[in-house]
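Novice: Return a 3D structure for these sequence lines:
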Amino acid sequence: MRVQSRLSMFNHRKMRRSATPFHIQDWDETAPVKDRDVYSIGLFVPTLGVAGIWGPSAIACATLAAEEINRTDALQGRTLALRVFDASDECDGLVAQARSAVCEAGVDAIVGMHTSSVRKAILEGSQGRVPYVYTALHEGRAQAPGLYAIGETPERQLRPAIDMFVRERSARRWMFIGNDYEWPRVSHQLARHYVAQAGGQVLCEHYVPFGTTDLDAVLQAVEDARPDALLLSLVGQDAVDFNRAFGQSGLDTKTLRLSCAVEENMLLAIGAANTRGLYVSSGYFGALGGEANAAFKERYQQRFGARAPTLNALGQSTYEGIHFAAALAARSLLVPGPRRGVFGGVRGINWQGNDSMQYPVHLAQADGHFFEVIRSF
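Specialist: Modelled structure (predicted):
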């Protein structure tokens, strides 16, 4: 295999070590010595904590992309090498780790799939010295030197879904629940306008810290408010735990749920008995039809086998992120012409800027352990 990985893919013991930040004293103004035959990408994904459930599929998809790029010689003789870094919110020293990745490890680019709070730390540590491709869905307004944000934003991901819920499911009374950081809070501010424009109202909002264990108070708040629908902006294991408890409480017979961040591996963890009335708006689902996705799934299964992590939007985003970074390195992404902004991927994204992208969004309904795509926007 030509792809070099700093961590073995699914070795959780090694992944746990990555939570220890690199030790550096000060920013080293001397550029690290680099192997000009290698294009090194620092892959920042969570491998521990609340969002650790995202890690295995993200690493697998990034590895698949890197191997494909190396087989096609897209980098004109250079080998693409992956170095995996932990990007969990619970990881101490994220700023120092990003700084070390650039000035000591000498990565040529960063591809990150993690929360917005981690994105801030990586931006502070890398200081725009290398391209930084951020692949996760986010709240928008992602502007910084060297930052390329290719994930979904609320305008495309939430507005049409909320409109459909209000107009077609009579979901006029809403309650918002999220983790207490930038993505949920900013997204909910925007979602308030979407609900009002569709003719609904937001009754209340609740925010919980990462790793919360007090779900009784939140469930009681839902019982008291009696909303028609919940907008859930919870991350990883927090979303799993809440949706399990919600289904077990019986509230799923009264209230619909809409999320942007529940993916297929989390759906398995939630359990089939707890997914009634759960909808997800996303740019990608493994259940999508079409030749491009069928070919992608076939390559993924051939490479990693039947026991590979289930394909999902967040994992697939790192596949696109590696291809995006390679296109930047090959200087093909920003060249004027009809192909400007187009890069290798599954969804057919056209990127003209962080606030100017074209990409599909789909609404799926959970059906036990699977998603059924019911609408595309």
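Novice: Can you give the distance of stretch 263-283 from its chain's centre?
Specialist: On the basis of Cα atoms, centre = their mean, to the nearest Å, stretch 263-283 sits 16 Å off its chain's mean C-alpha point.
Novice: Please tell me how far the most centrally placed residue in the chain sits from S88.
Specialist: The residue lying closest to the centre of the chain (Cα atoms, centre = their mean) is A136, at 3.1 Å. Separation of A136 from S88 (Cβ to Cβ, to the nearest Å): 13 Å. Glycine gets a C-beta too; all of them are placed from N, C-alpha and C.
Novice: circling back: show me what contacts the residue nearest to the centre of the chain?
Specialist: Shown in contact with A136 (Cβ atoms under 8 Å, 6 or more residues apart in numbering): G112, M113, H114, T115, G151, L314, S317.
Novice: what kind of secondary structure is it in?
Specialist: Judged by DSSP: H, G, I helix; E, B strand; the rest coil, the three-state class of A136 is coil.
Novice: Phi and psi next, for it.
Specialist: The phi/psi pair for A136 (degrees, to the nearest 10) reads phi -80, psi 160.
Novice: One more: V208?
Specialist: According to degrees, to the nearest 10, the main-chain angles of V208 amount to phi -130, psi 150.
Novice: Enumerate every residue touching it.
Specialist: Taking Cβ under 8 Å, 6+ apart, we find V208 in contact with I177, G178, N179, D180, D214, V218, L234, D238.
Novice: Would you mind checking those residues for buried ones?
Specialist: Among the contacts of V208, the ones that count as buried by 16 or more other Cβ atoms under 10 Å are I177, G178, N179, V218, L234, D238.
Novice: my guess is T79 meets N70, correct?
Specialist: Yes. Assessed by Cβ atoms under 8 Å, T79 is found in contact with N70 at 5.8 Å.
Novice: show me where the stretch 251-377 of the chain has strands.
Specialist: Using DSSP state E, counting those that start in this stretch, the strands found in the stretch 251-377 of the chain span residues 256-259, 278-282, 350-353, 356-358, 362-367, 370-376.
Novice: mind listing what's buried in the longest one?
Specialist: Buried residues in strand 370-376, defined by neighbour count with 16+ other Cβ under 10 Å: F370, F371.
Novice: what angle do that strand and strand 278-282 make?
Specialist: Angle of strand 370-376 versus strand 278-282, following axes from the mean of the first three to the mean of the last three Cα atoms, to 10 degrees, is 60 degrees.
Novice: got a list of contacts for strand 370-376?
Specialist: Against strand 370-376 from outside (Cβ under 8 Å, 6+ apart): 164, 264, 267, 280, 285-288, 360-366.
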